[in-house]
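**Student:** Okay, predicted coordinates and the sequence, questions at the end:
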Amino acid sequence: RRLMTEYKSYLRMGAKVVVENVEQIVDPLLKFEKQPGKTIHVVEEHEFEEASFGTALVAYLNLALLVIFGYIRDFLRLWGYERTLAAKEYGNEGFPSLYHEFESFYHRNVYHRGSALTAAPLAGTPGAVIEIIERKWGAHLSSFKLTDQKKKYLNVGSYNYLGFAGDPGMCTNSVIEELRRTGGGVASSRTEIGTFKIHQELEKLVALFMRKEDAICFGMGFATNSLNIPALVDSGCLLISDELNHSSLILGARLSGAKIKVFKHNDMADLEKVIRNAIVNGQPRTHREWRKILVIVEGLYSMEGTFCNLPEIVRLKKKYGFYLYVDEAHSIGALGETGRGITEHYGVDPDDIDILMGTFSKSFGACGGYISSSKEVINHLRNQSHANFYATSMSPPVARQIIAAMTAIMYKADGKRRIDQLADNTQYFRSELEKRGYIIYGDRFSPVVPMILFTLANICVFAKECLNRGLATVIVAFPATSMLGARARFCISAAHTREQLDKVLDILEELDPILGMKMSKNRPGSAFMDFWRHFFYKKPKDARFDF
């Protein structure tokens with residue numbers, strides 16, 4: 001109790017503790033790595049500002065109008081008054097449709113309207129500045145053709161947290177050498193003749209980096225979750241999942257055959273309630289005890305920018321004796337003083353987490369995923385995982401990219417500089433957005449920065465105007481979020497300079513009179529002044545930044 005009281009007081013003072021004395025923190029439940037000068041962060045309390053009544057009403061009317069006009073257009077298409085430009089199914093008379101009716105309707109009449117703002121083809125590396133190939137669209141956005149024109153954009157949409165994806169130096173040179181030595185593909189699975197020496201070298205390095213006994217690597221991050229969870233739990237087991245877990249975790253849970261229960265996002269009281277009820281009631285009908293209980297959470301939630309409450313989850317784990325699976329796809333490399341993710345950020349001993357999963361497609365600038373755990377668990381996955389048995393092995397040049405990036409993080413000053421730069425950029429950008437009155441979600445150390453815009457119309461106009469001004473970002477809306485959760489998502493990188501971040505802020509300031517994005521209750525000024533500022537706004541003639 002004394003320790004948790006101290007945590008709350010530390011939270012109010014700045015949510016960060018620097019250990020000056022080895023005996024400063026005494027915790028019988030959490031094994032902190034007590035090193036002098038080591039920074040340990042405590043759990044932040046999240047405040048998710050909700051839409052006002054007027055904003056919510058506009059958002060629902062916005063979607064309702066799109067659906068109504070969608071049905072009207074479908075009626076006109078049925079009777080031949082409007083040309084059908086969507087994909088059709090042929091030769092399946094008498095068979096049920098392969099498409100889900102509402103999903104097809106939503107894509108055809110709602111999502112399709114914003115298709116020109118998504119899936120832009122790149123002409124280079126996803127660094128701080130990217131080149132995008134211009135597209136020429138047909139009537140009603142039915143098709144497009146690539147042109148010979150390319151434009152540069154400031155990139156705040158890629159998961160290039162440490163800047164290794166756009167790095168022309170050490171990583172790229174080592175990848176080119178590996179490509180010449182071993183070629184681009186393996187053409188076999190790991191259990192046949194697809195294991196190279198570099199795969200074993202990578203797994204040893206990952207185990208060392210994660211401070212676990214062993215590790216296993218795969219060529220695809222999504223499959224690392226979806227095809228390995230069924231090898232860990234099955235019928236008679238209970239899988240408890242955060243309601244905002246990634247779709248790869250959800251798919252893996254469904255494929256496993258285990259009973260699935262969901263708890264409210266980051267709500268530890270609800271998680272404990274679910275666990276207690278599961279232990280007391282046992283399995284449905286028979287009430288036998290569960291063969292195994294596995295709790296799955298993410299270190300950093302990519303849509304919310306929030307961290308899981310890992311210290312409290314570990315406390316519950318030790319209290320109730322369940323297994324813990326932590327997905328560090330976005331947190332590994334991006335959090336912690338040495339980039340070791342959410343465990344290092346909170347000072348939690350990696351031995352307290354049974355399974356640490358992560359991907360190489362974010363901080364390491366490559367692709368694929370890993371699972372690190374005890375030797376017994378990893379040997380079990382080598383023999384039981386479909387991803388290990390049937391999937392093609394990771395390409396050796398990709399493995400070399402990961403090794404080069406991870407080695408830089410572990411042993412070179414450049415790696416430490418990137419981690420520090422990312423933390424500095426993240427805190428600066430977040431503090432500036434909050435200061436100016438935008439609604440943003442997530443922890444203040446999270447490089448994923450969702451800015452809430454609430455309505456579909458807002459995010460479409462936002463994306464278009466950003467592109468017109470030379471800014472490439474990501475927009476997300478229903479069904480990927482809630483009905484009122486439409487947002488722009490910024491991904492901060494160590495490759496960004498302070499000048500580039502200031503350019504992003506200037507663009508947002510320029511767009512605010514158009515969209516009214518400063519909706520936080522803590523915004524400076526008043527609603528009355530905002531109205532007149534928007535009323536007299538005049539669009540500048542040439543607003544695009546020159547690169």
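**Tutor:** That came in fine, so what should we check first?
**Student:** And what about A51, helix, strand or coil?
**Tutor:** Of the three states, A51 takes coil under DSSP: H, G, I helix; E, B strand; the rest coil.
**Student:** OK, contacts around F454?
**Tutor:** Applying CB atoms under 8 Å, 6 or more residues apart in numbering, we find F454 in contact with 51, 55-56, 58-59, 484-486, 519. Where you see a C-beta, it was placed from the backbone N, CA and C, and this is true even at glycine.
**Student:** How much space separates it from F48?
**Tutor:** With distances taken as CB to CB, to the nearest Å, F454 is found 12 Å from F48.
**Student:** Can you show me the strands along the stretch 401-547 of the chain?
**Tutor:** Shown for the stretch 401-547 of the chain, the strands assigned by DSSP state E, counting those that start in this stretch span residues 448-454, 471-472, 474-476, 486-491.
**Student:** Select, out of the ones you listed, the one closest to G365.
**Tutor:** Proximity to G365 (CB to CB) singles out strand 486-491 among these, at 13.0 Å.
**Student:** Tell me which residues touch M357, please.
**Tutor:** 224-225, 228, 325-329, 369-372.
**Student:** just A207 next, same as before
**Tutor:** A207 neighbours (CB under 8 Å, 6+ apart): 213-215, 372.
**Student:** got a list of contacts for stretch 314-323?
**Tutor:** 29-30, 240, 268, 271-272, 275-276, 279, 292-295, 324, 348, 352-355.
**Student:** Mind listing residues that contact stretch 432-445?
**Tutor:** Stretch 432-445 has contacts (CB under 8 Å, 6+ apart) with 15, 41, 44, 46, 48-49, 304-307, 335, 345, 423, 426-427, 430-431, 448-452, 487, 501, 505, 508-509, 517-520, 522-525.
**Student:** one step back: and of the contacts of M357, the nearest to G184?
**Tutor:** G369 (19.6 Å).
**Student:** Tell me how many other residues surround the closest one.
**Tutor:** Per other CB atoms under 10 Å, the neighbour tally for G369 reads 26.
**Student:** I'd assumed F218 was in contact with it.
**Tutor:** Yes - G369 lies in contact with F218 (CB atoms under 8 Å); the separation is 5.2 Å.
**Student:** so what sits against both of these two?
**Tutor:** Taking CB under 8 Å, 6+ apart as the contact rule, G369 and F218 both touch T224.
**Student:** The residue nearest the centre of the chain and N245: what is the separation?
**Tutor:** For the chain, the residue sitting closest to the mean C-alpha position, by CA atoms, centre = their mean, is S302 at 2.6 Å. Distance of S302 to N245, computed by CB to CB: 11 Å.
**Student:** Please apply the same query to S493.
**Tutor:** 25 Å.
**Student:** With neighbour numbers in mind, choose between those two.
**Tutor:** Taking other CB under 10 Å, S493 and N245 do not tie; S493 has more neighbours (29 against 19).
**Student:** from the middle of its chain, how far away would stretch 68-83 be?
**Tutor:** Relative to the centre of its chain, stretch 68-83 is centred 37 Å away, using CA atoms, centre = their mean, to the nearest Å.
**Student:** number of nearby residues for I193?
**Tutor:** The burial count for I193: 11, using other CB under 10 Å.
**Student:** Repeat that for I68.
**Tutor:** For I68, the neighbour count with other CB under 10 Å is 11.
**Student:** Three-state assignment for it, please.
**Tutor:** helix.
**Student:** Mind pulling the model confidence for it?
**Tutor:** Here, the pLDDT recorded for I68 equals 92.
**Student:** Next one: it from N522, what distance?
**Tutor:** Going from I68 to N522 by CB to CB gives 36 Å.
**Student:** And Y323, by the same measure?
**Tutor:** Going from Y323 to N522 by CB to CB gives 41 Å.
**Student:** Same drill for these two, tell me which one is more crowded.
**Tutor:** Y323 (18 against 11).
**Student:** which phi and psi does that one have?
**Tutor:** Y323 adopts backbone torsions of phi -90, psi 150, taken as degrees, to the nearest 10.
**Student:** now swap in the one 10 residues further on and tell me
**Tutor:** With angles defined as degrees, to the nearest 10, G333 shows backbone torsions of phi 90, psi -30.
**Student:** got a list of what it touches?
**Tutor:** 161-162, 339, 341, 362-364, 405, 409, 419.
**Student:** before we move on, what about L238?
**Tutor:** 258-259, 261, 278, 290, 292-294.
**Student:** Kindly report the same for V156.
**Tutor:** V156 neighbours (CB under 8 Å, 6+ apart): 471-473, 490-492, 496, 504.
**Student:** of these, closest to A116?
**Tutor:** Among the contacts of V156, and counting by CB to CB, the member closest to A116 is A472, at 13.5 Å.
**Student:** Not counting sequence-adjacent ones, nearest residue to that closest one?
**Tutor:** Y153 (3.9 Å; CB to CB, 6 or more residues apart in numbering).
**Student:** and the helix or strand harbouring L294, what does it pack onto?
**Tutor:** Secondary structure from DSSP states H and E places L294 in strand 292-298. In terms of contacts (3 or more CB pairs under 8 Å, 6 or more residues apart in numbering; DSSP states H and E), strand 292-298 is packed against strand 237-242, helix 247-256, helix 268-281, helix 310-320, strand 323-327.
**Student:** buried residues in the second one?
**Tutor:** Within helix 247-256, the residues that count as buried by 16 or more other CB atoms under 10 Å are 248-253, 256.
**Student:** for the record, mean pLDDT for it?
**Tutor:** Computed over helix 247-256, the average pLDDT equals 96.
**Student:** angle of it against strand 323-327?
**Tutor:** Counting by axes from the mean of the first three to the mean of the last three CA atoms, to 10 degrees, helix 247-256 lies at 140 degrees to strand 323-327.
**Student:** what are the C-alpha coordinates of helix 247-256, in PDB please?
**Tutor:** Output in PDB follows, covering the C-alpha atoms of helix 247-256 (Å, rounded to 0.1, in the frame of the first residue of the first chain):
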ATOM      1  CA  SER A 247      -6.900  -8.200 -35.200                       C
ATOM      2  CA  SER A 248      -4.000 -10.700 -35.400                       C
ATOM      3  CA  LEU A 249      -4.500 -11.500 -31.700                       C
ATOM      4  CA  ILE A 250      -8.200 -11.700 -32.200                       C
ATOM      5  CA  LEU A 251      -7.800 -14.100 -35.100                       C
ATOM      6  CA  GLY A 252      -5.300 -16.200 -33.200                       C
ATOM      7  CA  ALA A 253      -7.700 -16.500 -30.300                       C
ATOM      8  CA  ARG A 254     -10.600 -17.600 -32.500                       C
ATOM      9  CA  LEU A 255      -8.400 -20.200 -34.300                       C
ATOM     10  CA  SER A 256      -7.200 -21.700 -31.000                       C
END
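**Student:** Surely the residue nearest to the centre of the chain is in contact with A329?
**Tutor:** Yes - the criterion here is CB under 8 Å, and S302 meets it with A329 at 7.4 Å.
**Student:** Find residues that contact each of these two.
**Tutor:** Joint contacts of S302 and A329 (CB under 8 Å, 6+ apart) are H246.
**Student:** list the contacts for V280?
**Tutor:** With CB under 8 Å, 6+ apart, V280 has no contacts at all.
**Student:** Can you give me the buried ones in stretch 325-342?
**Tutor:** 325-337, 339-342.
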